[in-house]
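Asker: Please find the sequence and the predicted model below.
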Amino acid sequence: MVESLEPLEQFLREYVELVGGLWDEIEPQVYDVLWPESDLPQRFTVDPEALSEHPSAQFVTFGLPLLDEMLQQAQKQSPTTLVYLDNLHLSPHNLLQQIQRDLTWPEETQARFGLAQPRYVNHSVFWFEVTYQGEDRTQAIHTSTVDRYYGRLVRYLEGVLDNPSLEIQRRWAHPDATAIPLAEAYLLARERVLRNVIPETNNQQVLWQARQAQQLTRVKNYFKDMRAELEERIERARTRNEPLEELQQRRESIEREAALRTEELQRVTPVQSSIRLLNVLHVKIPRLFVEVKLTHTGKGTLPELAPLVVSWQPLVEKTDALNCLNCHQPTYVLTLNRRGGLTCPACNPTGKS
Ligand SMILES: [Zn+2]
């Protein structure tokens with residue numbers, strides 16, 4: 001259900017929840033919203049066609065003052081900024097088998113596991129407002145979420161923000177896992193949004209130029225017709241020996257106007273885009289951490305390997321990819337290089353293990 005929502009609808013729901021209000025979808029794309037300090041619900045819709053049936057509803061769309069107001073409020077009110085999702089089952093019966101299944105160790109090594117320990121991992125969800133300023137102004141909302149333990153972008157929280165189990169109170173005394181600084185997380189999230197914004201800006205530029213080219217053709221045709229008509233009148237006046245002065249002046253003024261309009265339309269103004277951070281929400285979710293000691297089982301002498309820490313996510317019931325110690329990219333497969341270091345397969349192309 002959540003997957004099929006329009007971004008705007010998603011934003012409306014998230015925004016209402018973030019400021020502590022309630023929403024009720026009375027029919028597809030029509031909502032009754034009860035704001036925190038209000039007794040009467042307000043009706044909103046993201047579907048223009050629903051307005052005839054619900055004339056009292058306010059239409060939410062990008063670029064309308066209502067949305068701008070909401071966005072501004074979202075920023076000012078700074079609603080709950082830290083929530084917990086910690087009603088998850090933390091003792092799966094086959095944890096070690098799952099880890100063994102999800103991760104691949106180097107050949108000729110054996111894994112020994114320590115005790116699983118829960119820690120809270122912080123996730124930061126960033127809402128960005130993107131404005132494209134070209135021929136007209138359009139806006140879009142982008143969300144990106146960073147796992148602050150591994151310092152990576154994740155998608156599994158997308159459906160979670162509607163989860164009624166999100167709480168302001170922390171339920172357990174588990175310690176927090178280490179986390180990358182907020183500014184670093186912000187840059188990762190912003191870069192992710194930028195990757196979408198750059199092609200979209202170019203796209204809008206192309207569309208705009210196409211529209212301008214069309215308009216230029218129309219304007220040129222318009223002046224061509226005017227010139228033809230005038231030339232006929234001049235011709236007629238000439239045969240009747242009438243004065244031509246006025247018509248010649250008219251011809252000059254048409255040429256001036258044509259040059260002006262053409263020049264205006266040929267001027268290329270680049271579409272500008274800007275990104276603004278609207279809101280940040282931190283979601284702490286417990287995860288199980290297990291120390292893994294790999295020992296060599298093959299012949300030959302290799303230096304002893306430092307213990308690894310792997311993590312398992314109760315939310316998605318999966319082991320997390322590890323960060324390669326060499327390139328820092330996520331990997332589910334570890335190999336052993338010639339010098340006895342653990343790396344991802346990409347960092348160890350000879351596959352020597
Ligand atoms: Zn690597």
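Answerer: Ah, there it is.
Asker: What is the least confident helix or strand in the protein?
Answerer: Lowest on mean pLDDT, DSSP states H and E among the helices and strands of the chain sits helix 65-77, with a mean of 63.
Asker: Quick one: name whatever helix or strand follows that helix.
Answerer: The helix or strand immediately downstream of helix 65-77 is strand 82-84, counting by DSSP states H and E.
Asker: Next, give phi and psi for the closest residue to the ion within the stretch 101-250 of the chain.
Answerer: Taking Cβ to the ion as the measure, the point where the stretch 101-250 of the chain comes nearest the ion is Pro106, at 13.3 Å. For glycine as for every other residue, the C-beta is placed from the backbone atoms N, C-alpha and C. Dihedral pair for Pro106: phi -60, psi 150, per degrees, to the nearest 10.
Asker: Kindly tell me how buried it is, as a neighbour count.
Answerer: Close neighbours of Pro106, defined as other Cβ atoms under 10 Å, add up to 21.
Asker: One more: Val33?
Answerer: Counted with other Cβ under 10 Å, residues neighbouring Val33 total 18.
Asker: Arg192 now?
Answerer: 18.
Asker: And the residue lying closest to Gln209 once chain neighbours are set aside, how far from the ion?
Answerer: Excluding its sequence neighbours, the residue lying closest to Gln209 (Cβ to Cβ, 6 or more residues apart in numbering) is Val268, at 6.8 Å. Val268 is 44 Å from the ion, where distance means Cβ to the ion, to the nearest Å.
Asker: Domain map for the protein?
Answerer: 1-74, 95-119+287-347, 204-270 (automatic domain parsing).
Asker: circling back to that earlier point, what is the burial count for the residue nearest to Gln209?
Answerer: Burial of Val268 is recorded as 9 neighbouring residues (other Cβ under 10 Å).
Asker: For the chain, what lies in contact range of the ion?
Answerer: By Cβ under 5 Å from the ion, the residues of the chain that approach the ion are Cys324, Asn326, Cys327, Thr343, Cys344, Cys347.
Asker: Return the closest of these with respect to Glu242.
Answerer: Ranked by distance to Glu242 (Cβ to Cβ), the residues of the chain next to the ion are led by Cys327 at 85.4 Å.
Asker: doesn't Cys344 make contact with the closest one?
Answerer: Yes: if you go by Cβ atoms under 8 Å, Cys327 and Cys344 touch, sitting 6.5 Å apart.
Asker: Please identify which of these two sits among more neighbours.
Answerer: Cys344 (21 against 12).
Asker: Contact partners for the more buried one?
Answerer: Cys324, Asn326, Cys327, Gln329, Thr331, Val333, Leu334, Thr335 (Cβ atoms under 8 Å, 6 or more residues apart in numbering).
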